[in-house]
Each structure stands twice: as structure tokens, then as C-alpha cells.
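In: I would like to see how this sequence folds:
(chains A, B, C and D)
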2 protein chains.
Amino acid sequence: MVHIAKGAHPAEGAPVPKGGPGRPRSEAVQQAIIEGVLRLVDEGVPLTELSIERIARTAGVGKATIYRRWDGREALFVDVLRAFEEPDQELPGVSMRDDLVCLLEGLRRRGLTMRSSALLHNVFAQMKALPKLWEAYHTTVIDPRRRLTLDVLRRGAANGELRTDVDLEMANDLLVGPMLLRTVMRPEAPLDDDLAERIVDTVLEGLRP
Amino acid sequence: MVHIAKGAHPAEGAPVPKGGPGRPRSEAVQQAIIEGVLRLVDEGVPLTELSIERIARTAGVGKATIYRRWDGREALFVDVLRAFEEPDQELPGVSMRDDLVCLLEGLRRRGLTMRSSALLHNVFAQMKALPKLWEAYHTTVIDPRRRLTLDVLRRGAANGELRTDVDLEMANDLLVGPMLLRTVMRPEAPLDDDLAERIVDTVLEGLRP
DNA sequence: CCAATACGAGACGGTCTCGTATCGAAATAG
DNA sequence: CTATTTCGATACGAGACCGTCTCGTATTGG
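Out: Numbers count the residues shown, from 1 in each chain, chains lettered A, B, ... in the order given. Alright, predicted model coming up:
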């Protein structure tokens, strides 16, 4: 029996059709459901107000069609999260400074599309209520990006572009923290084009005269 | 019937008793309700799942008692927010560096009590759905603290403890961002005692060798 | 053609919350 | 004492959503 879990991820929780006879599940329906959830989320509807019925109405889909594919709301949300994720970023790789600017610029652009931050806020708000969703966010969004940044910093330390007496985790947070503060926690803040550059250069240089 | 408001805040939304005859409202009940909401919030219950009925049950109170005092959930949440807020922080005021450490240390301690970050996450998640709550959070929590930090930085710039070619808003975010990243967005991160010091000193010094 | 499955739509009984109303008891002012 | 208001408790009808199930139709493999 071949389990074609949704996306490229196996064993996602809901029973899955055998290869056998019968009408196959529509990929368009799958997309319509996920897209419907995303639309509701960035209209500002909290995840807890997303009932299965409402999702079905929004997607123009029968309730049973959703229950057929997912175990419940949380499993659906996990798939929504994955569907929304973009592939990893490419880095120029010439200098640590430029790579860092590139990484922060990625965060800035992400903050400009309200979808991702609305989604993020909801994941945060429900991190206790929906632990699997929180875990999925970590493994598919946070951790890869964090690993990438730490690699850049490690190379920088090896090249002499970075103090070697500073914890890499600390350095990462000093760079990422300010950008996330503006993109995620202060929605009214302007996100100027040169913000990534300014953060990186100022953090590298320090605030002392 | 005279419409006054509850707490020390005028015009809060719900009708309020005259001074006249009749049994006065119990202050203990007010506290029990607000305390009940806080308890539910830091048990991880999202604000959208806080029904009036559930709050009443938790507080051991009749529903009518809540409807008598507040217009609805949002007005109640605003009062909960205010009740939870602590008075402003005292600063030693000897050096910019020490004042900054003190401010960040306040943020760290706040992050250690899960209440405030659970509350914060919920306010974020519902910033569109409950705009008055979002506004109240700004005016009672974010803005005062921000003003305090900017004052410290301004004095530092005047004393020569800070580069004068750096935007104060930027400097503020460079310091506050990393701490909020750890306290709010990464709940599993350890919050060591010396974290505030390390952030301040590293940001002041810069990351270059 | 036939068996099997998916589809949209919605009925079904159950639970939960809504906001209002009513009750008897308690507390206060005049 | 009386009038008035608050207290906890609970009843009320309205309505949303739950998860399951059943329609009639559509789409596949054999």
C-alpha cells in the first residue's frame, strides 16, 4: 500500500486512499481547502475561530471531504503551514556581511506579506493548545533558517570577519531579533529597503563611539 | 441613570452604578473575574475560547455579574491587561550602560513569568479582531517602556556613551529585539541571569574582531 | 457495464455559548 | 423598616459547530 500523504510528507495522520478503483481525490480540492484557510487567516480570523464548517463553506467544499483527508483541525493546519513554506534561500557566499544582509532581507520581505506574520502570530498564540503545529513550525520554518544563519556566522568566525569570543547563538539573536521585532511585533513600523543593511552594519560595528 | 466607568479609567464602556442606595459592587468579585481570566490565559487557553460563561465558572460568579460590569469580552480584556501591568521601572541612572541592562533585565524577568508572554501572544494574534485591546496594549505597555529606553539612549548620546550617527530608534531595536526574541518568540530558550548584561555589552561593542 | 470511491449538500442529535430574565438572599442608604 | 441594588444560580430560546451519515452525482479501474 502506497501512502501518498499530502505534500511530500509521509504519515500525516489521516487515512489515505488505496491505489485501487474508485474516483481519485481531487488535487484541486486539496488546494482549495488549504488556500481557504490561508485566506481566512490573513483576513485576521484567529485559528480558534476556524471551524471545519467555516473552512468547508469558504472552500466551497463538503465537510466530509475535509474529514476524509485530515484527522482534525490541527493536522490540517500543519499541512497549511507546509504548503505555505518557500524553498530555502540562496546565499551569495562572498562575505559574511553580505550573506547576513541577504538573510535579514529575506525576513524583511517575509514580513511584508501579511500572510506569514498573521500565520506566525496564530501559531504563537496556540503553541500550547496545538503543540504539533508549534513543532511543525519549528522544524519547517525556524530551524532551517537558524541553521543557515549559524553556518554563515561560523564561516565568518573562521575568516576573521567575526569576533571569536562571542557565542554564535548570541550573535544570531542580535541580528535576527531586531528584524523580527519590526516585522512581527510592530506591524506599523516601516520596513525600509535598507533596513537589513543598516541592522547588520550597526550590529557589526557596535554602538559605542 | 448616570453612566460612570469602572476602575480609574473613565468611559470604559459599561454602565456603572450610581452612588445611591442598594448593595454596592464587590471589589473582591472584580478581582476574582480578572484573576480568573489571567489564570485561564496562562494555562494556554486562547482568548477566543474564553467565553463569558467559562470565565464566570472559573471565577465562581454569575454571568449577569460580568455583563453588569462590562460591555463584552473585549472591554473585559482591556481591564485585565491594565490590572496586570506593573508600575514603571526605576533606573539607577548612573550610566547609560547600566540603565540599559536594567531595562533589559526587566524584560527578561517579565518573560520568565509566563503570564505576560501568553497574554502578549494572544494580543498579537487578535490584533485585528480586537483592535481596542491592541491599542490598549500599546498605550499601557509598549509605549511607556519605549519612551523610557529612548530617554536613556538620548542621555547616553549626550554623554558620549553612544555613537551620535546612529538612529535612536534603531539602537533601541538592536537592544530590545534580541531580548524579546528569546523571551517571547523562543519559549524554550534559557534566560540566564547575565543575559541582559551580555546583550547590552555585545551590542555596544559590536561583532567585528 | 460494474464495483468502488470522491464529490457537494445537508440532515441529524448533541454540546456549547450567547445575552436576557428571574429567583431568593444579602448588603446598603435614608 | 423600606427601597434599591448586587450577589450566585439557573432557566430560556436562538444559533453555531461538532462528527457521522445519507443522499444523488461524478469519476475512476477492471
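
In: who's in contact with the residue nearest the centre of chain A?
Out: Residue closest to the mean C-alpha point of chain A, counted by C-alpha atoms, centre = their mean, is A:Val141 at 4.2 Å. By C-beta atoms under 8 Å, 6 or more residues apart in numbering or on different chains, the contact set of A:Val141 is A:81, A:85. (C-beta placed from N, C-alpha, C; glycine too.)

In: so where's chain A uncertain?
Out: Counting by pLDDT under 70, chain A has low-confidence residues at A:1-15, A:18.

In: ranges for the helices of it?
Out: Assigned by DSSP state H, chain A shows helices spanning A:27-42, A:52-59, A:63-69, A:73-84, A:96-112, A:114-125, A:131-137, A:143-159, A:168-180, A:195-205.

In: Output the last one as CSV, nothing but the C-alphas.
Out: Same thing as helix A:195-205. This file holds the C-alpha atoms of helix A:195-205, laid out as CSV (Å, rounded to 0.1, in the frame of the first residue of the first chain):
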residue,chain,number,x,y,z
LEU,A,195,16.8,48.0,6.9
ALA,A,196,18.7,44.8,6.6
GLU,A,197,21.9,46.5,5.7
ARG,A,198,21.6,49.0,8.5
ILE,A,199,20.9,46.4,11.1
VAL,A,200,23.8,44.2,10.0
ASP,A,201,26.3,47.0,9.7
THR,A,202,25.3,48.6,13.0
VAL,A,203,25.5,45.3,14.9
LEU,A,204,28.9,44.5,13.4
GLU,A,205,30.2,48.0,14.2
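
In: And it, what's buried?
Out: A:195-200, A:202-204 (16 or more other C-beta atoms under 10 Å in any protein chain shown).

In: For chain B, state which of those is nearest.
Out: A:Leu204 (4.8 Å; C-beta to the nearest C-beta).

In: measure that closest one to DNA strand D for me?
Out: Going from A:Leu204 to DNA strand D by C-beta to the nearest atom of the strand, to the nearest Å gives 49 Å.

In: unless I'm mixing things up, that residue is touching B:Arg208, no?
Out: Yes. Taking C-beta atoms under 8 Å as the definition, A:Leu204 is a contact partner of B:Arg208 at 5.1 Å.

In: residues in contact with the residue nearest to A:Thr164 when sequence neighbours are not counted?
Out: Nearest residue to A:Thr164, sequence neighbours excluded (C-beta to C-beta, 6 or more residues apart in numbering or on different chains): A:Ala157, at 5.4 Å. Residues near A:Ala157 by C-beta under 8 Å, 6+ apart: A:163-164, A:168.

In: And for the residue lying closest to A:Ser117 once chain neighbours are set aside, the neighbour number?
Out: Distances taken as C-beta to C-beta, 6+ apart put A:Val184 closest to A:Ser117, at 5.4 Å, once the chain neighbours are dropped. The tally of other residues near A:Val184 (other C-beta atoms under 10 Å in any protein chain shown) stands at 21.

In: so how far is A:Asn122 from A:Val184?
Out: Distance of A:Val184 to A:Asn122, given as C-beta to C-beta, to the nearest Å: 12 Å.

In: and if you look at A:Ala129?
Out: From A:Ala129 across to A:Asn122, the span is 11 Å (C-beta to C-beta).

In: These two: who's more crowded?
Out: Neighbours per residue (other C-beta under 10 Å) separate A:Ala129 from A:Asn122, with A:Asn122 holding more: 25 against 16.

In: Chain neighbours aside, what residue packs nearest to that one?
Out: Counting by C-beta to C-beta, 6+ apart, the residue nearest A:Asn122 is A:Leu47, at 4.5 Å.
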